[in-house]
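Peer 1: here are the coordinates; sequence isn't available:
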C-alpha cells in the first residue's frame with residue numbers, strides 16, 4: 001500500500017463515523033521485524049515496538065477508551081509515551097497531547113478546555129536534563145469527558161508565547177500528507193541513518209518531523225540519555241551511522257557555545273525550528289561543527305511550511321516544500337489550508353477562503369521562491385510617526401557581543417529585555433546599540449533578566465507582565 005493510498009484511506013470514515021486506523025500500521029509500524037527503530041536506554045526493533053503498542057492498546061481499552069473516544073496524553077518522553085501515542089490512534093481515538101512540563105494549573109485549564117474522557121499521566125517527576133524516562137502511566141477516567149466531535153486524530157495547544165493557547169486539530173490525512181512531504185526532501189534522515197531528537201515529542205517539530213518521520217522513513221529515532229551539552233555530544237560520538245540532530249534555537253545556541261567541540265565524523269547536520277536562530281549563533285555553530293544548520297519554518301496549525309536543509313539561505317528559511325502554497329498579502333505570509341484547523345471557541349478569523357493568516361511578516365523572492373520571515377506583524381509599531389520594526393531592533397541587539405538573549409516589545413514605549421554574559425555592563429550594550437540604530441528605534445526602558453521565562457516548547461515568553469516579574 002502506498003503512502004498516497006494510506007492518506008486517502010486515513011481521511012475516510014467507516015459507517016460508524018470512526019476514522020480508519022490502518023494508517024498507523026501501514027505508515028508508522030511497517031518494516032522488517034528486526035530493524036532498529038527506537039534507541040533509548042536500549043535498542044528497540046520494529047517487532048518489539050509493535051508488541052508494546054498492542055499491549056498499551058489493551059490497557060487503554062481496559063481503562064474504557066473506545067473508537068471515537070478522547071484521551072489526553074501527558075507523559076515525559078519514554079517508550080510508554082510512544083507506545084500509548086500509537087495505541088490510541090490505532091484504537092481510533094482522538095488524542096490530546098499535553099506537554100509534561102505544564103504546571104498543575106496549566107494542565108487543569110488544558111484538560112477543562114479539551115474535555116477528554118481519559119487522562120493518561122504520571123505522578124513521577126521528570127528531570128529536565130534527561131532525554132527519556134522510565135514511567136508508570138496512570139489512567140484517570142473523566143465521567144464528564146466528551147467523545148470526539150470531529151475527525152481529527154491529533155489535538156494540540158499552541159505554544160502560548162504571545163498569548164492564550166489555541167486548540168488546533170489535525171486529521172490522519174494531514175499527518176500522512178506531511179510525512180510524505182518530509183520523505184521527498186533530499187537530505188532528511190532515511191533508513192540506515194539516525195535522528196537524535198532534542199525537541200519536545202508533544203509538539204509538532206519533535207513529534208512529526210522527528211518521531212513520526214523516523215518511524216515512517218526507517219531512520220533510527222534516538223533520545224539521548226541526557227540533553228546537556230556533554231550528553232548530546234556523547235550520543236553523537238557513539239553513533240554507529242550518519243546522524244542528524246533535531247532541536248530548537250536554544251539548543252543550537254547551547255551547542256554553539258562549545259568553543260572546541262570534539263570531532264564528530266558521523267554528524268551530518270542539525271535541523272532547527274520553532275523560532276529564529278540569531279545570525280551569530282548560526283555562524284558559530286556551522287564553523288565549530290562544519291555541518292549545515294538546516295532551518296524549518298512551520299506552525300502547529302500547518303506542520304512544515306518551508307525547509308532549507310542545505311542551510312545556505314539563512315536568515316531566510318528556504319522554499320515552500322512540495323505541496324505547500326505560500327503567498328504574501330499586505331506584507332503577511334499566508335499558507336493555503338483547505339479548512340480551519342481551530343476547534344472550540346478559538347477565534348476563526350485566522351483562516352478564511354482557504355488561506356491561513358500566519359501573522360508573520362514576510363517576503364518571497366520572485367526569482368527563487370525563497371521565503372524570508374521578517375518577524376511578527378505586531379512587531380511593527382509607530383514611534384513619533386516613524387515606523388519601527390521591533391524585530392530589527394531585537395536582532396541587532398541579539399547580535400551584540402555580550403548579549404545572550406533579547407526580547408523587544410512595545411506598549412507605550414519600546415522595552416528591551418536582555419540576558420547578558422557575566423560582567424558585561426548594560427551601559428556598553430546601550431551605547432553599541434545606539435551606534436547601530438537610529439535614535440527613534442532605541443528602547444526607552446531596559447530590563448536585565450537572569451534568565452528568560454519560557455514556554456513548554458522552550459520559546460522565551462513575550463508577555464510583558466511575565467517578563468517584568470522575572471526582571472524584578
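Peer 2: Cool, the structure landed. This structure is a prediction, so every number in the text was calculated from the model and none was measured.
Peer 1: count the neighbours of residue 114 for me.
Peer 2: 21 (other Cβ atoms under 10 Å). In short, each C-beta sits where N, CA and C put it, glycine included.
Peer 1: and the nearest residue to it once chain neighbours are set aside, how many residues sit next to it?
Peer 2: Spatial nearest neighbour of residue 114, excluding adjacent residues (Cβ to Cβ, 6 or more residues apart in numbering): residue 96 at 4.7 Å. Residue 96 has 26 neighbours, counted by other Cβ under 10 Å.
Peer 1: same thing with the one 10 residues further on?
Peer 2: If you count neighbours by other Cβ under 10 Å, residue 106 ends up with 16.
Peer 1: give me every residue that touches it.
Peer 2: With contacts taken as Cβ atoms under 8 Å, 6 or more residues apart in numbering, residue 106 has no neighbouring residues.
Peer 1: wait, is it part of a strand?
Peer 2: No - assessed with DSSP: H, G, I helix; E, B strand; the rest coil, residue 106 is helix; it does not lie in a strand.
Peer 1: regarding the protein, what is its longest helix?
Peer 2: helix 46-62 (DSSP state H).
Peer 1: and the helix or strand following it, what's its mean pLDDT?
Peer 2: As assigned by DSSP states H and E, the chain's next helix or strand after helix 46-62 is strand 70-73. Across strand 70-73, pLDDT averages out at 98.
Peer 1: about what we covered before: can you list the strands that the helix or strand harbouring the residue nearest to residue 114 pairs with?
Peer 2: Per DSSP H and E: residue 96 is located in strand 94-97. Paired with strand 94-97 in the same sheet, following DSSP bridges, are strand 70-73 (parallel), strand 154-157 (parallel).
Peer 1: residue 406 is nearest to which of the ones you listed?
Peer 2: strand 154-157 (26.4 Å; Cβ to Cβ).
Peer 1: just after that closest one, pick out the following helix or strand.
Peer 2: Next along from strand 154-157, by DSSP H and E: strand 167-170.
Peer 1: just the buried residues of the helix or strand that comes right after that following strand, please?
Peer 2: Sequence order places helix 172-183 as the next helix or strand after strand 167-170, per DSSP H and E. Neighbour-count burial for helix 172-183 flags 172-182 (criterion: 16 or more other Cβ atoms under 10 Å).
Peer 1: ditto for stretch 123-130
Peer 2: Neighbour-count burial for stretch 123-130, counted by 16+ other Cβ under 10 Å, picks out 126, 130.
Peer 1: how far away from the center of its chain is that stretch?
Peer 2: Stretch 123-130 sits 20 Å away from the centroid of its parent chain (Cα atoms, centre = their mean, to the nearest Å).
Peer 1: what is the mean pLDDT for it?
Peer 2: Here the average pLDDT along stretch 123-130 is 81.
Peer 1: show me the contact partners of that stretch.
Peer 2: 76, 100-101, 133, 135-136, 138, 225-228, 231.
Peer 1: before we move on, back to that, I figured the residue nearest to residue 114 hits residue 72, correct?
Peer 2: Yes - the criterion here is Cβ atoms under 8 Å, and residue 96 meets it with residue 72 at 4.1 Å.
Peer 1: so what sits against both of the two?
Peer 2: With Cβ under 8 Å, 6+ apart, residue 96 and residue 72 have common neighbours 110, 114, 116.
Peer 1: what would those look like in JSON lines with distance to residue 64, secondary structure and pLDDT?
Peer 2: Shown next, in JSON lines, are those (distance: Cβ to Cβ, whole Å; DSSP: H, G, I helix; E, B strand; the rest coil; pLDDT from 0 to 100):
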{"residue": "110", "distance to residue 64": "21", "secondary structure": "helix", "pLDDT": "91"}
{"residue": "114", "distance to residue 64": "17", "secondary structure": "helix", "pLDDT": "93"}
{"residue": "116", "distance to residue 64": "12", "secondary structure": "coil", "pLDDT": "98"}
